[in-house]
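[1] Requesting a structural model of the entry that follows:
(2 chains)
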Amino acid sequence: MLLSAEPAVTTTFSSDPMIPRPYEIQRAKWDSSDTFSLELTPVGGGDIPAFEPGQFNMVYVYGVGEIPISISGDPARRDMLIHTTRAVGTVTRAMSELKVGMMLGVRGPYGAPWPVDEARGKDIVIVAGGIGLAPLRPAMYRILAYREHYGRVVLLYGARTPADVLYRKQLEQWRAHFDLDVFVTVDRATNNWRGSIGLVTQLIVRAPFDPLNTMAMVCGPEVMMRFTTLEMEKRGVNSDNIYVSLERNMKCGIGLCGHCQFGREFVCKDGPVFRYSQVRHFLTKWEV
Amino acid sequence: MTQSKKNKPPKLYVLERRDFQELLTALSADGYQLIGPTLREGAVTYAEITAVEDLPIGYTDDQEKGTYRLHQAREPRLFGCGPGPHSWKKYLFPARMRLWQAQRSNGGFTVQADAHTPDKLALIGVRACELQAIAIQDRVFTGGAYVDPAYQAQRENTFIVAVNCGRANKTCFCTSMHTGPKAVSGYDLALTEVYTPEQHYFLIESGSPSGDEVLHALPTRPAAVDEVEAGEAIIAATSAQMERSLETKGLKDLLYASYDHQRWDAVAARCLACGNCTMVCPTCFCTTVEDVTDLSGDTAERWRKWDSCFTMEFSYIVGGSIRSTAKARYRQWLTHKLATWVDQFGTMGCVGCGRCITWCPVGIDITEEVREIQTTSVAPTAAVTERKRKRENT
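    This next block holds a predicted model:
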């Protein structure tokens, strides 16, 4: 255990929330041309901290920087932390170049979760766009683990192109379930794509759920979430029963640095998952 | 206040000007490093002091939109100057602080937290508005689920000597923010400086057990009725002198309803997005982090630095900055200070110290901007709102 050489360090984890804990990369794989997943375990062994679907960690690459990434593993599993992210910024590009056995720093979990428990007794509609499926996957795991508590469970997923479809094998497995309705669409098809083409919002109109008894969880680009919420409301889902997950710049993850403010909300601690009715006033404003 | 009056009747004491050094000496003897107003580079700045002579004796300041001038006054007051560009937050919440350092070792790294070993600080000359600013930052840094340990450690080692204001600057508006000019809580000792050609003394009162201890060791005498009245008259005169004001009634809801107000365009046309207002503001708390490594790459450090919501980087996420325009950034700053802050922390984020007005290079005045919004806002009719909603949604 690398930490044991520095006995003073272990005591600071609990008292100073800004101190990352070292994790080792057990597995790294590319999900698409720009998206990759890392499986991590705490250096020195032990369980990962318990987390709720929709929560995120602050993940640090040695000497490069730290960014918020949602957790995309199964919340029932404490032996492995899974993060899926796109290699698009300085930190995520550096992260994508790390090899198995190398280390990352992790702080968390932080933030408000998806309302998976509150949704019991209801139909579930999960709408994901692109990498937005990553923070929703833990919700899927949790809902499937307690499948009998829910009505119909619908997953609507849209990717830009067939090559961008995230967790493809898993989506195919889920689609094979008799008690799940999984619809996948792409914005732009390639020659070998025989699936649905179009925006994910277009799937909502014919998705099988009871609008008056539905909990919707939506994650994707902000414009996609705006149109999704609009479509859901057109179907008759109350905005109190629609949840969205927002992305903002974050430096601390714990409500102290001020960067993630979105109107009155701190996305890091009041979100990232918000009841749509709580944030719609600001979502429809420009540059909040 | 009334309660303590009952408990110990002679709560106001008189400390003669010639004995003021005794206060500084007593605090030094208790192990406190003394921080107070000093004259540096043509402004009152907070810095370490050792003797009463280090204070800006006999100086006063004139402040207006985008203007700050010091000049010599006829009266040799110790605290004749109002707040300068510094605020006390630089001692409680340092502008640059290392959070931790990490050492690289075979494929991995170990993290070493920086110990928080604060100096014992005595802040001399804290104004009522600044006390409120400290109380606000207390809520931000220690009132939530996560506490800033460095801030908390420094606060626990800070002694506050407040000074009630004997004059108001033109940029002051604490009366309307209900934060001054008299210190009412959050201090260990509070002073009112009384100067007449015949007399120069301080009315002094304690606000804490540690304040009691220091006070008892000083050469004081209970204040006479006329001395108490002289102090009250000074504070009343300061209140009356205040020219600026900010109407806070209904302001939160008004600002929530004013995201599309045309005034934001008018202010953005002048705002340089320089961030001066956020740097001088005693409550602004935003920070960014900076990762540095040595040349070998074997040591990495993470530093926390004051940040400003006026920079482009502040709101950057993949795809661009959320607030790409100065208009959106000014709106964020002002709306945060006076509206969203209330929902976040139960108080406004403005104390009426006027620093942002004085130190704005183009003289943007928060009280003026608010008044413009207040006087030109018309509640949109339901039909307009509905049309607008439809437009935004399509």
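[2] immediately after the helix or strand containing residue A:84, which helix or strand?
    Per DSSP states H and E, residue A:84 falls inside strand A:81-86. Per DSSP H and E, the first helix or strand lying C-terminal to strand A:81-86 is helix A:90-96.
[3] Could I get the buried residue list for that next one?
    For helix A:90-96, a neighbour-count test (16 or more other CB atoms under 10 Å in any protein chain shown) marks A:91-92, A:95-96 as buried. C-betas here are computed from N, CA, C, even on glycine.
[4] Tell me the buried residues in the longest helix seen in chain B?
    The longest helix of chain B (DSSP state H) is helix B:225-241. Buried residues in helix B:225-241, counted by 16+ other CB under 10 Å: B:227-228, B:230-231, B:234-235, B:238-239, B:241.
[5] Let me have the residues you listed in JSON lines, extended by distance to residue A:206 and pLDDT.
    Listed next are the buried residues of helix B:225-241 as JSON lines, based on distance: CB to CB, whole Å; pLDDT from 0 to 100:
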{"residue": "B:227", "distance to residue A:206": "83", "pLDDT": "96"}
{"residue": "B:228", "distance to residue A:206": "80", "pLDDT": "96"}
{"residue": "B:230", "distance to residue A:206": "81", "pLDDT": "96"}
{"residue": "B:231", "distance to residue A:206": "77", "pLDDT": "96"}
{"residue": "B:234", "distance to residue A:206": "76", "pLDDT": "97"}
{"residue": "B:235", "distance to residue A:206": "71", "pLDDT": "97"}
{"residue": "B:238", "distance to residue A:206": "70", "pLDDT": "97"}
{"residue": "B:239", "distance to residue A:206": "67", "pLDDT": "96"}
{"residue": "B:241", "distance to residue A:206": "70", "pLDDT": "96"}
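[6] did I read that right, residue B:303 in a helix?
    No: counting by DSSP: H, G, I helix; E, B strand; the rest coil, residue B:303 is not part of a helix but strand.
[7] The nearest residue to residue A:224 once chain neighbours are set aside and chain B: what is the separation?
    Sequence neighbours aside, residue A:129 is the residue nearest to residue A:224 in space, at 4.2 Å (criterion: CB to CB, 6 or more residues apart in numbering or on different chains). Look at residue A:129 and chain B: by CB to the nearest CB, to the nearest Å, they are 14 Å apart.
[8] Ramachandran angles for residue A:129?
    phi -120, psi 130 (degrees, to the nearest 10).
[9] among the buried residues of helix A:90-96, which are within reach of chain B?
    For chain B, no contacts are drawn from the buried residues of helix A:90-96 by CB under 8 Å from any CB of the partner chain.
[10] want to throw those into TSV with pLDDT?
    Formatted as TSV, these follow (pLDDT from 0 to 100):
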residue	pLDDT
A:91	96
A:92	97
A:95	97
A:96	97
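[11] of those, closest to residue A:33?
    Minimum distance to residue A:33 across these is 11.1 Å, recorded for residue A:96 (CB to CB).
[12] where do the helices sit along the stretch 201-350 of chain B?
    B:209-216, B:225-241, B:251-256, B:263-268, B:276-280, B:326-335, B:341-345 (DSSP state H, counting those that start in this stretch).
[13] now those as TSV including distance to chain A?
    What follows is the helices of the stretch 201-350 of chain B, written out as TSV (distance: least, CB to the nearest CB, whole Å):
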stretch	distance to chain A
helix B:209-216	25
helix B:225-241	32
helix B:251-256	7
helix B:263-268	10
helix B:276-280	10
helix B:326-335	3
helix B:341-345	4
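[14] and the residue most central in space within chain B, what does it touch?
    What sits nearest the mean C-alpha location of chain B, by CA atoms, centre = their mean, is residue B:282, with 2.7 Å. Taking CB atoms under 8 Å, 6 or more residues apart in numbering or on different chains as the criterion, residue B:282 is in contact with B:83, B:87-89, B:129-130, B:133-134, B:137, B:351, B:353, B:355.
[15] Could you give the number of residues near the closest residue to residue B:171 other than its chain neighbours?
    Nearest non-adjacent residue to residue B:171, counting by CB to CB, 6+ apart: residue B:354, 3.1 Å away. The tally of other residues near residue B:354 (other CB atoms under 10 Å in any protein chain shown) stands at 28.
[16] I figured residue B:354 hits residue B:176, correct?
    No: the pair residue B:354 and residue B:176 does not pass the contact test of CB atoms under 8 Å, sitting 11.3 Å apart.
[17] And the contacts of stretch A:131-139?
    Here stretch A:131-139 has contacts from A:35, A:51-54, A:56, A:70-75, A:84-86, A:114, A:116, A:126, A:128, A:157, A:166-167, A:170, A:217-221, A:224, A:245, A:272, using CB under 8 Å, 6+ apart.
[18] Among the residues you listed, name the buried ones.
    A:35, A:51-54, A:56, A:70-75, A:84-86, A:114, A:116, A:126, A:128, A:157, A:166-167, A:217-220, A:224, A:245, A:272.
[19] the domain parsing of the chain - what is it?
    If you meant another chain, say so; for now it's chain A. Structurally, chain A divides into domains by automatic domain parsing as follows: A:2-110, A:123-245.
[20] Let me rephrase: I mean chain B.
    Taken from automatic domain parsing, chain B resolves into B:2-97+B:117-241, B:251-274+B:310-347+B:364-393.
[21] Kindly export stretch A:153-171 (C-alpha atoms) in CSV.
    What follows is stretch A:153-171 as a C-alpha-only set of coordinates in CSV (Å, rounded to 0.1, in the frame of the first residue of the first chain):
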residue,chain,number,x,y,z
VAL,A,153,-39.4,0.5,-17.5
VAL,A,154,-38.5,2.3,-20.7
LEU,A,155,-35.0,3.3,-21.9
LEU,A,156,-34.8,5.7,-24.8
TYR,A,157,-31.2,6.2,-26.0
GLY,A,158,-29.9,8.4,-28.8
ALA,A,159,-26.4,8.7,-30.1
ARG,A,160,-24.9,10.8,-32.9
THR,A,161,-23.8,7.9,-35.0
PRO,A,162,-23.8,4.1,-34.6
ALA,A,163,-20.2,4.3,-33.6
ASP,A,164,-21.1,6.5,-30.7
VAL,A,165,-23.5,4.1,-29.1
LEU,A,166,-22.3,3.7,-25.6
TYR,A,167,-22.4,0.4,-23.7
ARG,A,168,-23.7,-1.4,-26.9
LYS,A,169,-23.5,-4.9,-25.5
GLN,A,170,-25.3,-3.9,-22.4
LEU,A,171,-28.0,-2.2,-24.4
